[in-house]
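Below is the structure, and that's it, no one-letter string:
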């Protein structure tokens, strides 16, 4: 089996500098991963309509409230309309 060089890139390691990603938050302000430099960050991608994603976001919200401000949770949705779920 041949390895595709694009796929065969090294995996990130804990402590590596993350790629520069900047996206608008729900208030329209840009947020970048570099804003959280020096803190542990949990980065998750979700869909608001997914029950398992809703459960994951609830758990991450609890985790964030327990360990904030030393832990940051960044949740990214690719949906065009923002939908909120019951907490």
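Received it, and whenever you're ready, just let me know what you need. Model, not experiment: these values are computed from the prediction.

Tell me which residue is most central in the chain.
residue 43 (2.3 Å; Cα atoms, centre = their mean).

Only the buried residues of whichever helix or strand residue 59 is part of, if you could.
In the assignment (DSSP states H and E), residue 59 maps to helix 51-67. The neighbour-count check on helix 51-67 (16 or more other Cβ atoms under 10 Å) flags 53, 54, 57, 60, 64 as buried. Where C-beta positions appear, they are placed from N, C-alpha and C, glycine not excepted.

one step back: for the residue nearest to the centre of the chain, which three-state class applies?
For residue 43, the assignment made with DSSP: H, G, I helix; E, B strand; the rest coil gives strand.

Need the distance between the two termini of stretch 17-33.
Stretch 17-33 has an end-to-end distance of 10 Å (criterion: Cα to Cα, to the nearest Å).

rewinding a little: now for the residue nearest to the centre of the chain: which residues touch it?
Applying Cβ atoms under 8 Å, 6 or more residues apart in numbering, we find residue 43 in contact with 18, 33, 74, 76.
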